[in-house]
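Enquirer: Have a look at this prediction, sequence included:
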Amino acid sequence: MLPLLLALPLLGAALYEQVQLTAQSWLDEGLEDTALTLAGQVDIRSGEPRIDISATMDRALRFDRQDDVFYLVLAPKGDVLQGDAGLADVLPRPTVQPAGRSHYGDVKLRDRELRLVQLGHDCGVGTCQILVAETLHKRDALQRQIGSLVALTGLGLALLLALAAWWAIRQGLTPLTAMSNELEHRDLHRLAPLTASLPRELVPLQAAFNRLFQRLTRAADSQREFLADAAHQLRTPLTSLQTEIELALMEPHDQRVDPLLHRLRQRVVRSARLAQQLLSLARTEDRNVDVGQRVDLRDIATESGQDWAHRSLPAGVDLGFELAEAPALGHSFLLRELLENLIHNAVSYAGSGARITVRCGTGPEGPWMEVEDNGPGIAPPDRPAAMQRFRRGDQASGTGSGLGLAIAGDIAARHGGRLELLDAHDGGPGLRARLSLPAMPGSIPAV
């Protein structure tokens with residue numbers, strides 16, 4: 001629009017000047033026609049030029065609806081033959097025009113602006129000068145009309161061009177907006193090529209994005225394979241090392257090394273847990289995993305409960321389950337890994353004597369599952385950071401690596417759900433990690 005705003009006034013001024021010159025030329029030609037009519041009335045009598053203008057013809061020559069018309073016929077020697085003698089005082093330079101030539105000019109007669117044409121006419125005994133002038137009323141009115149017309153035309157043209165530009169830009173950007181919306185929802189799990197039908201100008205951009213997706217796919221696959229291989233290779237030696245430490249504790253040994261052996265076993269258990277989490281992280285990012293299988297969150301929680309029943313919990317920790325039917329679409333292994341991380345996180349950070357409750361069910365928005373504890377919890381400002389990888393709260397007292405909640409959040413996002421860190425139900429101390437999944441198609445929301 002800026003070039004348009006700069007160009008339109010210049011084009012309007014040029015158009016106004018051209019139209020005005022054309023209109024002035026037509027009006028000047030009308031004056032010259034009157035001069036030619038007067039020239040046709042000049043004849044020679046007794047060797048002298050004469051002109052006879054009747055009263056009727058004089059009125060016809062002077063008739064104009066808007067302007068006053070003046071004329072003057074001069075003999076070759078400057079004598080007045082007919083007309084308004086005052087015009088002789090305002091003759092433009094040069095004062096004599098050759099025969100057949102005419103000259104136009106603006107003059108002033110008794111404080112009135114006039115447009116005058118001077119025509120040279122061969123009278124047979126010399127060159128007579130014929131002058132015709134008129135006031136400028138219709139010329140001024142015509143200038144105003146031309147100016148208004150050009151201004152309105154320019155304004156209308158600017159509005160039409162602005163509307164056309166807006167429509168064209170909107171139509172041209174609609175496919176780009178659709179592509180932007182599609183890209184906004186892409187992640188490492190959705191790197192399929194873009195296939196939308198686009199204008200020819202946007203096809204190279206779409207092709208560039210598709211090539212970028214290919215490179216990201218290869219990079220993500222390489223990263224996932226590295227994590228999986230590294231975690232898998234670490235699990236076996238760590239398990240063997242843990243077994244060796246436990247055997248060393250059972251064998252006769254100097255009791256002074258007991259604290260060292262217990263610290264070693266604790267570090268090895270933590271490393272084995274980290275390797276397991278890295279393996280889970282790689283599986284979470286595996287794009288080939290089908291998260292559209294029919295599962296029941298109650299069955300997943302039951303299996304986890306049976307697994308935890310055979311584990312040694314810290315002193316005083318009470319792990320309970322309140323389960324209801326909760327059908328959903330997902331991947332049972334990933335959802336069980338999510339629940340495993342939530343329970344392990346609660347056991348690790350809630351402290352001795354903690355009460356941990358696992359619940360599941362179906363609500364108006366879909367199936368849900370949550371793990372609640374009565375430990376110190378996480379302050380609301382610190383909860384977003386706690387969902388990031390390798391980040392732990394400032395008040396955390398456990399020995400975790402900061403991956404549990406991040407893995408659980410990734411699994412929830414992979415299933416199209418969300419993981420929230422909330423306050424305890426009773427409003428007291430503690431933390432409630434709640435998983436919400438989309439409702440199954442065709443299911444009736446619970447009331």
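Expert: Yep, it's here. Predicted model only: the values in this text are computed from it and were never measured.
Enquirer: Contacts only, for residue 106.
Expert: Applying CB atoms under 8 Å, 6 or more residues apart in numbering to residue 106 gives the contacts 113, 114, 115, 116. Quick note: C-beta positions are derived from backbone N, CA and C, even for glycine.
Enquirer: so the last one, which of the three states?
Expert: Spelled out, it's residue 116. Taken by DSSP: H, G, I helix; E, B strand; the rest coil, the conformation at residue 116 corresponds to strand.
Enquirer: Could you write me a ChimeraX select line covering just the buried ones among the contacts of residue 106?
Expert: Selecting only the buried members of the contacts of residue 106 in ChimeraX, with burial defined as 16 or more other CB atoms under 10 Å, works like this:
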select :114,115,116
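Enquirer: which among the contacts of residue 106 gets closest to residue 419?
Expert: Within those, distances to residue 419 taken as CB to CB reach their minimum at residue 113, with 87.7 Å.
Enquirer: quick one on the thing from earlier: got the contacts of residue 106 as a markdown table, with pLDDT and distance to residue 137 columns?
Expert: Listed next are the contacts of residue 106 as a markdown table, based on pLDDT from 0 to 100; distance: CB to CB, whole Å:
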| residue | pLDDT | distance to residue 137 |
| --- | --- | --- |
| 113 | 90 | 10 |
| 114 | 90 | 11 |
| 115 | 91 | 11 |
| 116 | 91 | 15 |
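Enquirer: Redo the contacts of residue 106 as JSON lines? Include distance to residue 133.
Expert: Formatted as JSON lines, the entries for the contacts of residue 106 read as follows, by distance: CB to CB, whole Å:
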{"residue": "113", "distance to residue 133": "10"}
{"residue": "114", "distance to residue 133": "4"}
{"residue": "115", "distance to residue 133": "6"}
{"residue": "116", "distance to residue 133": "4"}
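Enquirer: Tell me the one of the contacts of residue 106 nearest residue 164?
Expert: When these are compared against residue 164 (criterion: CB to CB), the nearest one is residue 115, at 42.0 Å.
Enquirer: Looks like residue 374 contacts residue 351 (just checking).
Expert: No. Taking CB atoms under 8 Å as the contact criterion, residue 374 and residue 351 are not neighbours in contact, 9.4 Å apart.
Enquirer: Can you tell me the centre-most residue of the protein?
Expert: Centrality entry for the chain: nearest residue to the mean C-alpha point is residue 177, 7.3 Å, by CA atoms, centre = their mean.
Enquirer: What distance do you get for that residue to residue 162?
Expert: As for residue 177, its distance to residue 162 is 21 Å (criterion: CB to CB, to the nearest Å).
Enquirer: More neighbours: residue 374 and residue 351, which one.
Expert: The residue with more neighbours, out of residue 374 and residue 351 and counting by other CB atoms under 10 Å, is residue 374; that gives 20 against 16.
Enquirer: Kindly give the local confidence score, pLDDT, for the more buried one.
Expert: At residue 374, the pLDDT value in this model is 88.
Enquirer: Residue 75 too?
Expert: Value for residue 75, per-residue pLDDT: 89.
Enquirer: so what's it up against?
Expert: For residue 75, the residues meeting the contact criterion (CB under 8 Å, 6+ apart) are 48, 49, 81, 123, 126, 128.
Enquirer: Next step: these restricted to strands.
Expert: When the contacts of residue 75 are checked against strands (DSSP state E), the matches are 48, 49, 81, 128.
Enquirer: how near is the closest residue to the second one other than its chain neighbours to residue 374?
Expert: This points to residue 49. Nearest in space to residue 49, with sequence neighbours left out and distances taken as CB to CB, 6 or more residues apart in numbering, is residue 123 at 4.1 Å. With the distance defined as CB to CB, residue 123 ends up 126 Å from residue 374.
Enquirer: Any stretches of the stretch 301-447 of the chain with poor pLDDT?
Expert: Regions of the stretch 301-447 of the chain meeting the criterion pLDDT under 70 cover residues 312, 390-402, 442-447.
Enquirer: Do you have the strands of it handy? List them.
Expert: Chain-ordered strands for the stretch 301-447 of the chain, with DSSP state E, counting those that start in this stretch as the definition, fall at 318-323, 327-330, 355-363, 366-373, 418-422, 431-436.
Enquirer: looking at these, which is buried most?
Expert: Among the strands of the stretch 301-447 of the chain, judged by mean count of other CB atoms under 10 Å, the one packed with the most neighbours on average is strand 366-373 (a mean of 24).
Enquirer: Pull the number of nearby residues for residue 295.
Expert: Count around residue 295 with other CB under 10 Å applied: 22.
Enquirer: Can you check the pLDDT for it?
Expert: According to the model, residue 295 scores 92 on pLDDT.
Enquirer: Assign a three-state SS to it, would you?
Expert: Three-state assignment for residue 295 (three-state DSSP): strand.
Enquirer: Looking at the residue lying farthest from the centre of the chain now. What's its pLDDT?
Expert: Among residues of the chain, the one most distant from the C-alpha centroid is residue 46; the distance is 91.5 Å, by CA atoms, centre = their mean. pLDDT, residue 46: 79.
Enquirer: now it: how far from residue 251?
Expert: When distance is defined by CB to CB, residue 46 is 161 Å away from residue 251.
Enquirer: again with residue 162
Expert: When residue 162 is compared with residue 251 (using CB to CB), they lie 90 Å apart.
Enquirer: What distance do you get for residue 81 to residue 74?
Expert: For residue 81, the distance to residue 74 (CB to CB) stands at 7 Å.
Enquirer: Same drill for these two, tell me which one is more crowded.
Expert: In this comparison of residue 81 against residue 74, neighbours counted by other CB under 10 Å, the higher total goes to residue 74 at 25 against 21.
Enquirer: which residues does the more buried one contact?
Expert: Contacts here follow CB under 8 Å, 6+ apart; on that basis residue 74 touches 80, 81, 88, 128, 129, 130, 131.
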